[in-house]
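Chemist: what's the 3D shape of this:
(2 chains)
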Amino acid sequence: RKEVEQDPGPFNVPEGATVAFNCTYSNSASQSFFWYRQDCRKEPKLLMSVYSSGNEDGRFTAQLNRASQYISLLIRDSKLSDSATYLCVVNRMDSSYKLIFGSGTRLLVRP
Amino acid sequence: EPEVTQTPSHQVTQMGQEVILRCVPISNHLYFYWYRQILGQKVEFLVSFYNNEISEKSEIFDDQFSVERPDGSNFTLKIRSTKLEDSAMYFCASRKGQGWDNEQFFGPGTRLTVL
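Modeler: Here you go, the predicted model:
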């Protein structure tokens, strides 16, 4: 079983739509959770960290459910510039703080 | 804003040749990483480096791979004898210090093509 699983998509939505991405992780020792954004052939960039209480940053809302080992990202009022691959990322409780990536969910926002 | 830089942006090599990928992490960062991403696949951890030694390496990071921080600013990944399956995007990353949500900053990557 993959350590971090995501629906690969693509999600094809019109501008202004609300879209939700889900992610599950298998290792209960996972300590920190993130959503990264990756544009085609570019490096991953941190979108937001995900906290147990849930957190919001403008149009983006992230939720974490530790009991279900489930992470979500909600994007409201989608913009064309939101088109990218969204990577669910966890950080295990070990000394190296390495990141473990999901395969990503591709989002296409159309005019 | 400080950033991680990587050179070259694209490296083409023949199978069996040695390559060195270079990275300059953000100057006050202490933890350094290499990740790779084969085209169409997920980003995979290769190795982490702290206090001038490897702190963890993945199964991918076999004897053909090595890392070095030769001069206190550069952080290099060497592949001794490249294979076709080493073709991938290689990302360097650095983070400032301890703390579970310390952000890792990624460089723009080096695209390695092994022919």
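
Chemist: what pLDDT is listed against residue 95?
Modeler: No chain in the question, so chain A it is. Here, the pLDDT recorded for A:Ser95 equals 64.

Chemist: could you do chain B instead?
Modeler: Note on B:Arg95: pLDDT of 92.

Chemist: and the strands in chain A?
Modeler: Under the criterion DSSP state E, chain A carries strands at the ranges A:4-6, A:11-14, A:19-25, A:30-38, A:45-50, A:55-57, A:60-65, A:70-75, A:84-92, A:99-101, A:105-110.

Chemist: mind putting these in CSV, mean neighbour count and mean pLDDT included?
Modeler: From N, CA and C alone the C-beta is placed, and that goes for glycine too. Below are the strands of chain A laid out as CSV (neighbours: other C-beta atoms under 10 Å in any protein chain shown; pLDDT from 0 to 100):
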stretch, mean neighbour count, mean pLDDT
strand A:4-6, 21, 95
strand A:11-14, 14, 96
strand A:19-25, 19, 95
strand A:30-38, 20, 90
strand A:45-50, 18, 93
strand A:55-57, 12, 93
strand A:60-65, 18, 95
strand A:70-75, 20, 96
strand A:84-92, 23, 93
strand A:99-101, 22, 94
strand A:105-110, 18, 96
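
Chemist: what residues are up against A:Leu73?
Modeler: A:Leu73 makes contacts with A:Ala20, A:Phe21, A:Cys23, A:Trp35, A:Leu47, A:Met48, A:Phe60, A:Thr61, A:Ala62, A:Tyr86, A:Cys88, as judged by C-beta atoms under 8 Å, 6 or more residues apart in numbering or on different chains.

Chemist: for A:Ser28, which non-adjacent residue is closest in space?
Modeler: Nearest non-adjacent residue to A:Ser28, counting by C-beta to C-beta, 6 or more residues apart in numbering or on different chains: A:Gln69, 6.7 Å away.

Chemist: please tell me how far the one you found sits from chain B.
Modeler: Look at A:Gln69 and chain B: by C-beta to the nearest C-beta, to the nearest Å, they are 17 Å apart.

Chemist: and A:Phe60, by the same measure?
Modeler: 16 Å.

Chemist: name whatever forms a beta bridge with that residue.
Modeler: On the basis of DSSP bridges, A:Phe60 is bridged to A:Asp57, A:Ile75.

Chemist: isn't it right up against A:Leu46?
Modeler: No: between A:Phe60 and A:Leu46 there is no contact under C-beta atoms under 8 Å: 11.7 Å.

Chemist: what do the two both touch?
Modeler: What both A:Phe60 and A:Leu46 touch, as defined by C-beta under 8 Å, 6+ apart, is the set A:Trp35.

Chemist: leaving out the residues flanking it, which one is nearest to the residue nearest the centre of chain B?
Modeler: Against the mean C-alpha coordinate of chain B, by C-alpha atoms, centre = their mean, the closest residue is B:Trp34 at 3.0 Å. Leaving aside its sequence neighbours, B:Trp34 sits nearest to B:Leu46 (C-beta to C-beta, 6+ apart; 4.3 Å).

Chemist: and the one you found, that's in a strand?
Modeler: Yes: membership of B:Leu46 in a strand is supported by DSSP: H, G, I helix; E, B strand; the rest coil.
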